[in-house]
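# Give me a model of this one.
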Amino acid sequence: MNKIYNYFEKLKEEDKLTQAFIIGNVTFEEIEDELYEVLKTFFFKDCENIKENPDLYILKSDTNISKDDIKQLISDISTTSQFNSTKVYIIDKCEKLNDFAYNSILKTLEEPQKGIYAILLTTNMDAVKPTILSRCQKIFVSSAIKEEVNEEYKEVSEYLIKSIENNGINTIAKNYDIYNKIVDRNFFQNVLKYMLKKYNDKLLSLVNNKKTTEDLINTNDIVILSKKILVINNNIIELDNNLNKNLSIDRFIIEMWRCNNENSRS
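From the prediction side, this is the model:
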């Protein structure tokens with residue numbers, strides 16, 4: 001089993017399962033098998049064929065999810081459960097929800113009915129409205145790297161992390177050799193993917209050491225780490241369109257520095 005399964009397993013052991021989750025940096029197809037294992041283990045224990053469970057609803061769309069799709073979903077989850085008093089709905093690419101869909105889903109998250117669970121998936125956590133994010137437990141998943149971690153990517157990633165954490169924005173001047181170490185945009189993307197994994201692991205460790213939701217909200221390190229994870233994820237995506245490697249590195253360093261700087265002023 002992988003990270004998502006382990007996350008739910010820990011929540012179950014600590015009796016901290018809530019009714020709404022948002023999983024970032026993924027699509028349904030990327031985590032389909034693991035998600036079905038999560039559903040079978042923690043939500044529908046006695047269901048042999050999870051894909052045909054009448055109490056499981058999955059909304060997927062290559063474009064925007066329509067008003068009619070949401071209306072039908074709200075209607076379906078309002079009916080009596082056919083299996084074990086549990087219903088689960090999954091919305092893929094929830095950042096694509098239109099205003100009507102957002103408002104409708106928000107109502108179900110604000111006043112969840114007993115036994116109804118929401119799992120939202122997004123490729124960009126930063127594009128999801130804060131009102132939705134604030135009502136969901138967040139699970140960050142590192143961008144998938146099919147091959148094993150390249151030692152060169154790892155070395156440069158750790159060097160860049162150390163430089164940014166120690167020097168902040170001054171990394172641009174003090175560690176100019178980073179522009180030579182990062183040979184092109186593809187190399188930079190792989191460096192960022194390794195960084196994303198490192199920061200995700202650190203965030204998960206901090207979250208698991210907190211006892212209450214209030215602890216999480218009031219922990220400065222968790223706030224900063226969450227901001228940095230969003231910055232890294234967004235830069236991975238934006239590198240597909242940004243042709244200038246050095247400017248991309250500059251922008252990334254500045255955005256990472258701002259995560260610390262802006263938080264220190266708040």
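# Is D15 in a helix, a strand, or coil?
Under DSSP: H, G, I helix; E, B strand; the rest coil, the three-state class of D15 is coil.
# Quick check, pLDDT for it.
As predicted, D15 sits at a pLDDT of 85.
# cool, D68 as well?
D68 is assigned a predicted lDDT (pLDDT) of 85.
# Report how many residues lie close to it.
Look at D68: counted by other C-beta atoms under 10 Å, it has 8 neighbours. In short, each C-beta sits where N, CA and C put it, glycine included.
# likewise K96?
Look at K96: counted by other C-beta under 10 Å, it has 17 neighbours.
# Mind telling me what element the residue lying closest to it once chain neighbours are set aside is part of?
Nearest-residue entry for K96: N64, 5.1 Å, with adjacent residues in sequence omitted and distances by C-beta to C-beta, 6 or more residues apart in numbering. Assignment of secondary structure by DSSP states H and E places N64 within no helix or strand.
# Could I get the contacting residues of N64?
K96, L97, N98, A101 (C-beta atoms under 8 Å, 6 or more residues apart in numbering).
# hmm, which of the residues you listed are the buried ones?
K96, L97, A101 (16 or more other C-beta atoms under 10 Å).
# Wait, the second one touches N103, no?
No: shown here, L97 and N103 do not form a contact pair, counting by C-beta atoms under 8 Å, at 9.3 Å.
# Tell me which strands the longest strand along the chain pairs with, and in which orientation.
For the chain, the strand that runs over the most residues, judged by DSSP state E, is strand 116-122. Applying DSSP bridges, strand 116-122 is found paired with strand 20-24 (parallel), strand 87-91 (parallel).
# quick one: which of the ones you listed is nearest K71?
K71 lies closest to strand 87-91 among those, at 13.2 Å (C-beta to C-beta).
# What average pLDDT does the closest one get?
95.
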